[in-house]
Structures are given as structure tokens and as C-alpha cells.
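[1] pasted the sequence and its predicted model underneath.
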Amino acid sequence: MSILKRWFSQGLQWWREQSDEQLRWRLARHQDESALRQARVLAEQALVEQLKKQSQQLEHELAISAAKNSTELAMVKIQYQQDLKDYQQYLASLDKLKLSLQASYAHLPEAVAFTIHHHAKRLLHQMWDESDPGEKLKMEVQLIKFMTAVHEDSLSALSLDDSEALPQKTLAFIDGEV
Amino acid sequence: MLKTTLYAVLGLFAGAMLLFVAGFILAHIGLSLVTALLYAIAPKLLLLAFAVMLLVLVVLSMRALTVGLVHYFRREARAMRQLLRLQIRRRDDGQRQWLEKRQIHYRSLLQRQKLRVANDKKHSRQLLKAITSELQGQLPRNVYKQVRRQLKQLHKQANPQGMLALRDQVLCRF
């Protein structure tokens, strides 16, 4: 019994010593520990502040870019609508050109009128599908020249009053192109 | 604390096993009364060990859950999540803008294509009408009918060049 008691008291003693040692260690490191804890809290606060600042900046950027994007989209829409309107007008003016040619040259076969109109439309589509601005401008000038030639032919047919005449300038233009 | 508890659980398991072994040996020796006592205690000890282990697992899970929740709702974690959300929104906005632009472009392209096809059809119809009326008086009736059928077919195929070629061919022949 006394052996057990002694073992128990030794164990208890050892446990107390360990506890004391731990306590002493904690007391010795208390300042460092509290300094570390404080530094950690400060670092966390700084991080939160920085993140919040970034978020605010990003929100501001998002608001600006949303406004910019919507404006840009509206501009793009208007631009495409205008493009479509221009295209429609071009088609209408080419139709008118064909009609005026047929009115000026009453005997002109439909096949020739169709070919002239078809050529004009081909030039228009080439111009429209061209992505290079320089080439696009060149095609536009060519189309204008062609339309001018057709118009001049129509005017000269009215002044000449020759029923068998053909739109020479226009046909020469198409020949030159081909 | 955890370590101590785990050691205690292990001790309980070991004790239960030892009691079983001791009971077995004592049964062979012939001490049936002590054996019965040991066999009565050992399963209870084993059950106790299992119960303590289960309890430890529950406590550990709860602790992990609590730690996870605390971490999730910490100020810096919330700020970080908000920042990430905004970054994702910025990326999505950019993508959406690009897609909307492309959609507008394709829609415009489609509308232009429609206008072009309608215009082509209109002129092709006019051409068909002009050629048929031109050929009507110049060709024998059966040939005219055949040519007109061919012309209509070419018109359906949207092939005005073919119509013109057919016209030239027929006029050269007759």
C-alpha cells in the first residue's frame, strides 16, 4: 500500500512540476505572446483595410466600365443601323439608276440593263465586304465613277435622241473592269 | 488533452483485451467464479472504449465545424470573398460586352443579307419577265414552253447568269 502511495505521490509531484514548468514558461513568454497576438490583430486589420480599399476601387472601376460599355454598345448599334440604312439607300439608288437607264434607252434589252445593274451591285458588295479602309475607299471611288458614267450616258441619251444608241461609257467601264 | 484522451481510449481497449485473455487463462486453470467476473467486466470496458472514441470523434468534428465557420465569417475572409466576386464580375462584364458586340454584328450582317437576297430576287423576277416576253414571239410554241420552264427553274435556283446564258443560246439558235 505504501509503495502505491509513494508512486502516486511521485506521479502527483511530477505532474505539479510539469505544471509549474509550463506556467513559468508561459510567464517568461507572456510579453512575446501578447506582442505577437497584437501584431497578428494589427496585420489582420491592415489586410482587411487593404482588401476593402481594393474592393471599393474595383467597384468604382466596374461602375465606370459599365457606363462606358453601355455607351459603346449603343454607339455600335447606331453605327450598324446607319450602315444598314446606307446599304439600303445604295440599293435603292442602284435600282433608280437602272430605271433611269431604261427610261433613257427605251430599246435597251433587259439583259443589258440587268448586267449593268448587276455590275454596280457587285462593286457595291465588294466595297461593303472590304475590311481594309484604303481598299474600301478605292472601291467606293470606283462605284461612284461607274454610277457617274451611267448617269452621263442617261443624260447624253436624252440630248442625242438616238433610238439605237447604247450606254457606251458604261459598257466601256465594264469592259475595262473585266 | 486530445492526446490524453486517445491514450485513455487505447488503455481502455488494452485493458478490455487483457481482461479477456486473463479470463481465458483463469477458465483453463479452473477459477470459474473469477472468470465470470472478468468476462462480465471486459465487454463493458470495451463498450466504454468505443463510446469514448465516438465521443472524441463527435467533439473533434464539432470543433472542426466551428473552426471552419469562424474562419468563413472572419472579416478578412469576407473582404477577400467580396474582392473575388468583384473580379469575377469584371471578367464576366468584359466577356458579355464582347459577345453582345458580336451579336449586333451578326444581326446586322443577317439583315443586310436579307436585303441583298430580296433585291436579287426582285431583279431576277424582272429579268425572267423581260426574257419570257422577249422570247414569246420569236420561238415556236413548244420550244418557248420548254425554255420558259427552264428559265423558271433557273429563277428558282437564283441563277440570273444562267438565265442570260440560256437567252443568248436560244436567240443564237433561232
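    Thanks, I have the structure now.

[2] looking at chain A, which residue is nearest chain B?
    Using CB to the nearest CB, the single residue of chain A nearest to chain B is A:E110, 3.1 Å away. (C-beta placed from N, C-alpha, C; glycine too.)

[3] so the closest residue to that residue other than its chain neighbours is in which element?
    Of all residues not flanking A:E110 in the chain, B:A130 sits nearest, at 3.1 Å (CB to CB, 6 or more residues apart in numbering or on different chains). Element membership of B:A130 [criterion: DSSP states H and E] is helix B:75-136.

[4] what's the average pLDDT for that helix?
    The average pLDDT for helix B:75-136 rounds to 93.

[5] name the helices or strands packed onto that helix?
    Under the contact criterion of 3 or more CB pairs under 8 Å, 6 or more residues apart in numbering or on different chains; DSSP states H and E, helix B:75-136 touches helix A:30-104, helix A:110-129, helix B:141-156, helix B:160-173.

[6] deepest-packed of the ones you listed, please.
    Mean neighbour count (mean count of other CB atoms under 10 Å in any protein chain shown) peaks for helix A:110-129 among these, with a mean of 19.

[7] between helix B:160-173 and it, find me the angle.
    Relative orientation of helix A:110-129 and helix B:160-173, computed by axes from the mean of the first three to the mean of the last three CA atoms, to 10 degrees: 160 degrees.

[8] compute the inter-axis angle for helix A:110-129 and helix A:30-104.
    Angle of helix A:110-129 versus helix A:30-104, following the same axes, to 10 degrees, is 160 degrees.

[9] which other helices and strands does whichever helix or strand comes after helix A:110-129 contact?
    Downstream of helix A:110-129, the first helix or strand assigned by DSSP H and E is helix A:133-160. Using 3+ CB pairs under 8 Å, 6+ apart, the elements in contact with helix A:133-160 are helix A:30-104, helix A:110-129, helix A:168-177.

[10] next, the angle from the second one to helix A:168-177.
    Read that as helix A:110-129. Using the same axes, to 10 degrees, helix A:110-129 lies at 60 degrees relative to helix A:168-177.

[11] residues in contact with helix A:110-129?
    The contact list for helix A:110-129 (CB atoms under 8 Å, 6 or more residues apart in numbering or on different chains) reads A:87, A:90-91, A:94-95, A:97-98, A:101-102, A:136, A:139-140, A:142-143, A:146-147, A:150, A:166-167, A:170-171, A:174, A:177, B:112, B:116, B:119-120, B:123, B:126-127, B:130-131, B:134, B:160, B:164, B:167.

[12] how distant is it from the center of its chain?
    Relative to its chain's centre, helix A:110-129 lies at 32 Å (CA atoms, centre = their mean, to the nearest Å).

[13] what angle do that helix and helix B:75-136 make?
    170 degrees.

[14] for B:V56, find the nearest of the helices and strands packed on helix B:75-136.
    B:V56 sits nearest to helix A:30-104 of all these, at 28.4 Å, using CB to CB.

[15] name the helices or strands packed onto the closest one?
    helix A:110-129, helix A:133-160, helix B:75-136.

[16] distance check, the residue of chain B found nearest chain A against B:L171.
    Closest to chain A within chain B is B:A130: 3.1 Å, counting by CB to the nearest CB. From B:A130 across to B:L171, the span is 13 Å (CB to CB, to the nearest Å).

[17] can I get the helices and strands packed on helix A:133-160 in a markdown table with mean pLDDT?
    Below are these laid out as a markdown table (pLDDT from 0 to 100):
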| stretch | mean pLDDT |
| --- | --- |
| helix A:30-104 | 93 |
| helix A:110-129 | 88 |
| helix A:168-177 | 80 |
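
[18] tabulate the ones you listed (TSV), appending distance to B:L83.
    Listed next are the helices and strands packed on helix A:133-160 as TSV, based on distance: least, CB to CB, whole Å:
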stretch	distance to B:L83
helix A:30-104	5
helix A:110-129	46
helix A:168-177	62
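
[19] so which of those comes closest to B:Y7?
    Closest approach to B:Y7 among the helices and strands packed on helix A:133-160 is made by helix A:30-104 (27.8 Å; CB to CB).

[20] how far does that closest one sit from its chain's centre?
    Centre-to-centre, helix A:30-104 and its host chain are 10 Å apart (CA atoms, centre = their mean).

[21] just the angle between it and helix A:133-160, please?
    Going by the same axes, to 10 degrees, helix A:30-104 is angled at 20 degrees with respect to helix A:133-160.

[22] so what's the residue nearest to A:E110 up against?
    A:109-111, A:114.

[23] may I see the buried residues of stretch B:100-109?
    By neighbour count with 16 or more other CB atoms under 10 Å in any protein chain shown, stretch B:100-109 contains the buried residues B:100-101, B:104, B:108.

[24] returning to what we had before: closest to B:G11 out of the helices and strands packed on helix A:133-160?
    B:G11 lies closest to helix A:30-104 among the helices and strands packed on helix A:133-160, at 33.5 Å (CB to CB).

[25] returning to what we had before: now the residue of chain A closest to chain B: how far from A:L101?
    A:E110 sits at a distance of 11 Å from A:L101 (criterion: CB to CB).

[26] what does B:L151 give?
    B:L151 sits 23 Å away from A:L101 when distances are taken as CB to CB.
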